[in-house]
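J.: have a look at this prediction, sequence included:
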Amino acid sequence: MPLDPSPDNHLIAIKNLTTVSSHGSGLLSVLKSVTREIIDTMGYGRVIIAVKDKKSYVLRFRIGKDREITGKEFTKLLRSIPPVSLAPDSKGRLSVLAWSFRNGQELSVADAHHYDFMTDQTFQDQELVSRFGLGSYVIAPISFRGDSLGILIVDNKYISRPLTEYDRRVISTIADHLSVCIINVEILNKLKKSNRKLQETNKELASSQRQYRQFVERGPDAVFILQDHRFVFVNKMFHKMFGYDEIEIIGKEFIEFLAPESRKSAVKMYDDALSGIRVSDEYEYSVIRKDGTKVAVWMKTTFTRVKDRLGLLCFAHDITEKKRAESELRQAKAYLENILESANDLIYILDLEGMFTYVNKKFEEFGYDPRELIGRSFLDILSPAHKGERFRKTITTGIKQVYELEMVEKGSERIRNVVVSTSPLTDESGATRGVLVLGKDITDRKRAEEELRRMSITDSLTELFNQRHFFQKIREETERARRMSYPICLMIFDIDNFKRYNDTRGHLAGNEILKTIGRIIQSTIRTTMDTAFRYGGDEFAIILPNTTLPDVKIVAYRIKEMTDENLEGLTISIGISSMSEHGSVEDFINAADKAMYTAKSMGRQAVVIHSPDSSYPT
């Protein structure tokens, strides 16, 4: 249509925009209506709208209309134009669009090719001019509640004349009216939203009222309302819980139905509540049922109004079974605690960090007050040899374990041997939360076993190890010597003419000689390394690990000298062998034994070291 921005068409366009906005459409619909009215009603050929980006400080070309280009093609062309920055350039200037947007002032450009508008403050939007071939155009800011939303651009495409001051005023008026339309849209949309919300609220209120009535009548609690200490409402559950009909309750004072022990506190609760002194909203009372039995109830109260008068709304829940269960649980707990505290075994519980959370009284026999152990690490009462590896294994694997611990007795620092059985404690999900430990004190049994073992490998007369232990020990020591690559020597000796001494002086005197030799050996050898044995009747053996032949010879002469001084004329014959020169344990023993007999054949009272070829006196 021909250009006709007459006042009549101007008014028609404004009227149409007002109609659109009165429907409560969105901002996008209003902006599209502007482009349609400017072209179809007022006769301009092209309209472009740039909208401020919500996330960045730029204008983006989003909406427009061209008389001879389809909507999709024109929208595609608009979106291909780079956004216009609203920030000044390096010289402090703004683009013409940015200047109009930021200052809220419309502009009229007579000829885009001869631009001379405030060149010290602005510069031409060349991308927009070149893409659309702008000649003469008007820019008007679109604002809403004092904030600029975007820019409205109308040019003289399809018009044979430049746009005039009249056109600028027309476009400016359209832009101003657009702001009003946007306000209308916002108001209408808010009203629609408010109306929808009101309708939803009414539905929810009606639904809540239905649910509340159902809850009051069908709920598990007895619900009643008190005014002036009297019942003014009771629900059906009240009858079911206490046995009274409504006619027997309404108008009666509530304390008539309470057990004597609950009446005083209930009256105080009611009076305090109505006077504003609220110590608690939850109470526990005993109610007398119609059949005379007592019911324990838990009651929650809140204020309500009935016929414009303040009352107390009460919810009562029957907790009789709960109270009975709690009583049984307390009895069971007390019974279990009595068992745990009276147990003849150590019983304790550790958390995941190895800290005591429970300790029974058995620990008092170890010198500990159970209360002082709570919160302490179990390693505090164990010997330094324990590092807690087995405890951590129970935590990580969840496997029960049985093993021995060395506990330190408080005060005396004496070691007590305890066999413990550990079991993981788990929660409902199966996660380990701690460890239960049962411990039995086996100190006396352990010492008895050790004493029995000592007796089984010890010669009671000389206090040296016996022959049985000799064969076990020599195999252990020779294996260790081979593994560690050090020499090991064996010394075997007996008392010369001891049988004749026994026959003439008696066995008691002979026993004293054997005891003396035992003491001489113990005072001569290295007690932490060497091992001495009563090998036979009057035969003795000494295993000397990590010892060379020259060293063992010194030991042999020391023993020989001491026996010469203490055995009343008796002498000894000594044989020595070294494992480094022999292949087997049997050869090792036989070599020392052979050396001893060689010493005897050479006149006794000698020390002989075995040689692979022969034995010779030293």
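T.: Noted; the coordinates are in hand.

J.: so where is this structure shaky, pLDDT-wise?
T.: Low-confidence segments of the chain (pLDDT under 70): 1-11, 13-27, 185, 205-218, 277-280, 580-582, 612-618.

J.: which ones are touching V306?
T.: V306 makes contacts with I225, Q227, V232, F233, as judged by C-beta atoms under 8 Å, 6 or more residues apart in numbering. (Each C-beta comes from the backbone N, C-alpha and C, glycine too.)

J.: now swap in L373 and tell me
T.: L373 neighbours (C-beta under 8 Å, 6+ apart): Y348, F356, V359, F363, I381.

J.: mind checking how far it is from L226?
T.: From L373 across to L226, the span is 53 Å (C-beta to C-beta, to the nearest Å).

J.: hmm, back to that, got a winner among the contacts of V306 for most neighbours?
T.: F233 (19 neighbours; other C-beta atoms under 10 Å).

J.: who does that residue bridge with?
T.: Beta-bridge pairing for F233 (DSSP bridges): I225.

J.: surely it meets I225?
T.: Yes. Counting by C-beta atoms under 8 Å, F233 touches I225, with 4.1 Å between them.

J.: what's the longest helix in this protein?
T.: Criterion DSSP state H: the longest helix present in the chain is helix 165-218.

J.: elements contacting that helix?
T.: helix 7-22, helix 27-36, strand 107-109, strand 137-144, strand 147-155, helix 236-242 (3 or more C-beta pairs under 8 Å, 6 or more residues apart in numbering; DSSP states H and E).

J.: follow-up on the earlier one: pipe the contacts of V306 into a markdown table and attach distance to S485 per row.
T.: Output for the contacts of V306, formatted as a markdown table (distance: C-beta to C-beta, whole Å):
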| residue | distance to S485 |
| --- | --- |
| I225 | 98 |
| Q227 | 102 |
| V232 | 103 |
| F233 | 100 |
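
J.: D593: which element?
T.: D593 is part of helix 585-601 when elements are defined by DSSP states H and E.

J.: mind saving the C-alpha coords of that helix as CSV?
T.: Coordinates of each C-alpha in helix 585-601 appear next as CSV, following Å, rounded to 0.1, in the frame of the first residue of the first chain:
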residue,chain,number,x,y,z
VAL,A,585,73.2,-82.8,62.0
GLU,A,586,73.9,-86.4,62.8
ASP,A,587,77.5,-86.0,61.5
PHE,A,588,77.8,-82.9,63.6
ILE,A,589,76.7,-84.7,66.8
ASN,A,590,78.8,-87.8,66.1
ALA,A,591,81.9,-85.7,65.4
ALA,A,592,81.7,-84.0,68.8
ASP,A,593,80.9,-87.4,70.5
LYS,A,594,83.8,-89.0,68.7
ALA,A,595,86.2,-86.2,69.8
MET,A,596,85.1,-86.7,73.4
TYR,A,597,85.9,-90.4,73.4
THR,A,598,89.2,-89.6,71.7
ALA,A,599,89.9,-87.3,74.7
LYS,A,600,89.1,-90.2,77.1
SER,A,601,91.3,-92.7,75.1
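
J.: buried set for that helix?
T.: Of all the residues in helix 585-601, those buried under the rule 16 or more other C-beta atoms under 10 Å are V585, F588, I589, A591, A592, D593, K594, A595, M596, T598, A599, K600.

J.: understood, closing this out.
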